[in-house]
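Everything below, folded, please.
(4 chains)
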There are 2 protein chains.
Amino acid sequence: MEYSIGEFSRLTNLGIHTLRYYEHENLITPKRNSSNRRCYSDKDLAWIEFIKRLKDTGMPIKEIQRYAELRTKGDITLNERMEMLTVHRESLNEQIKVLQEHMAKLDDKIDFYRQEIERTLKG
Amino acid sequence: MEYSIGEFSRLTNLGIHTLRYYEHENLITPKRNSSNRRCYSDKDLAWIEFIKRLKDTGMPIKEIQRYAELRTKGDITLNERMEMLTVHRESLNEQIKVLQEHMAKLDDKIDFYRQEIERTLKG
DNA sequence: ATACAATGTAGAGTAAACTCTATGTCAAGA
DNA sequence: TCTTGACATAGAGTTTACTCTACATTGTAT
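Residues are numbered from 1 along each chain as shown, chains lettered A, B, ... in the order given. So this is what the prediction gives:
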């Protein structure tokens, strides 16, 4: 299947402007038809979903750019790409750990509030 | 203990400019000495650590501002503050869940790379 | 044939959260 | 007394990641 930018925007939940911006930043390079309109493929769809995943886990555009660049170079960059993902995996692991710690502290705080509120009701 | 802005900056790992910015945004209001210099207290320290926690868990400055505003109003706002924290707790829980899903997918991808690399080495 | 909706490019504008600059004050040491 | 160095304010500048505007083309329905 091929999709116009409008269709692709709906499929990916990314605005048309954002898609063009991503292309400008060389994250994705859809084919063009005879009238210069963008033709996104299912491969583009899978790729953009992966881009979203990297973004949602805190990878900056610049780094995704680097990954995309490697991707266009084909199999010779497999090692380097895996290395990037492995490093990113570690950061993600750390992020989760930190958030869990924050969660524990937040729970403490909420408990404290619960007690305070009870106290002020009684007092 | 009381701290100058320079000392407080070192203690909190926040830049002097950032501390002044936070004050400008009414997140924190340190006392001033006779020469108008800021005097941060240990209470300010605990408070700024909590601000950092809220920030690190994705709460925008605007919302922290709101929380800070309630805090200055004292005990009558305890309920409202606890409500904010409870809502935020939910968002944090969701964040962790999403990151864990991303982690699983990322692991799949890394596994795939491992296989691909092995394949290209053999072929 | 014509209207109009979707698409194209280039470049300006926005929002959040800092970060830095210019300029001035003030206390303490040489 | 003079000179630093830390601090003060006001306001400009930066970065990231969009988001929007202006204006030109193109494809499709009437």
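
Every contact and neighbour count from this point should use C-alpha atoms.
Will do.

in stretch A:81-91, what counts as buried?
Using 16 or more other C-alpha atoms under 10 Å in any protein chain shown as the burial criterion, the residues of stretch A:81-91 that qualify are A:Arg81, A:Met82, A:Met84, A:Leu85, A:Thr86, A:His88, A:Arg89.

repeat for stretch A:43-58
Of all the residues in stretch A:43-58, those buried under the rule 16+ other C-alpha under 10 Å are A:Asp44, A:Leu45, A:Ile48, A:Phe50, A:Ile51, A:Lys52, A:Arg53, A:Leu54, A:Thr57.

For the third one, what are phi and psi?
I take that to be A:Ile48. Main-chain torsions, A:Ile48, degrees, to the nearest 10: phi -70, psi -30.

CA atoms only: put the helix or strand hosting A:Tyr21 into PDB for me.
Using DSSP states H and E, the element containing A:Tyr21 is helix A:16-24. Taking Å, rounded to 0.1, in the frame of the first residue of the first chain, the C-alpha atoms of helix A:16-24 are listed here in PDB:
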ATOM      1  CA  ILE A  16       1.300  16.900   8.100                       C
ATOM      2  CA  HIS A  17       3.700  19.600   9.100                       C
ATOM      3  CA  THR A  18       5.500  17.300  11.400                       C
ATOM      4  CA  LEU A  19       5.900  14.700   8.700                       C
ATOM      5  CA  ARG A  20       7.400  17.300   6.300                       C
ATOM      6  CA  TYR A  21       9.600  18.500   9.200                       C
ATOM      7  CA  TYR A  22      10.800  14.900   9.700                       C
ATOM      8  CA  GLU A  23      11.600  14.600   6.100                       C
ATOM      9  CA  HIS A  24      13.400  17.900   6.100                       C
END
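
those strands in chain A, which residues are they?
A:2-3, A:31-32, A:38-41 (DSSP state E).

hey, which of those strands is tucked in deepest?
Neighbour counts (mean count of other C-alpha atoms under 10 Å in any protein chain shown) averaged over each of the strands of chain A peak at strand A:38-41, with a mean of 18.

OK, now which residue of chain A is nearest to DNA strand D?
As assessed by C-alpha to the nearest atom of the strand, DNA strand D sits closest to A:Pro60 within chain A, at 3.4 Å.

Let me know how buried that residue is, in neighbour terms.
Other residues near A:Pro60 number 11, with proximity taken as other C-alpha atoms under 10 Å in any protein chain shown.

do the same with A:Leu92
So A:Leu92, with other C-alpha under 10 Å, has 21 neighbours.

The residue lying closest to it once chain neighbours are set aside: what's it in contact with?
Nearest residue to A:Leu92 in three dimensions, chain neighbours excluded: A:Thr57, at 6.6 Å (C-alpha to C-alpha, 6 or more residues apart in numbering or on different chains). Residues in contact with A:Thr57 (C-alpha atoms under 8 Å, 6 or more residues apart in numbering or on different chains) are A:Leu92, B:Leu99, B:His102.
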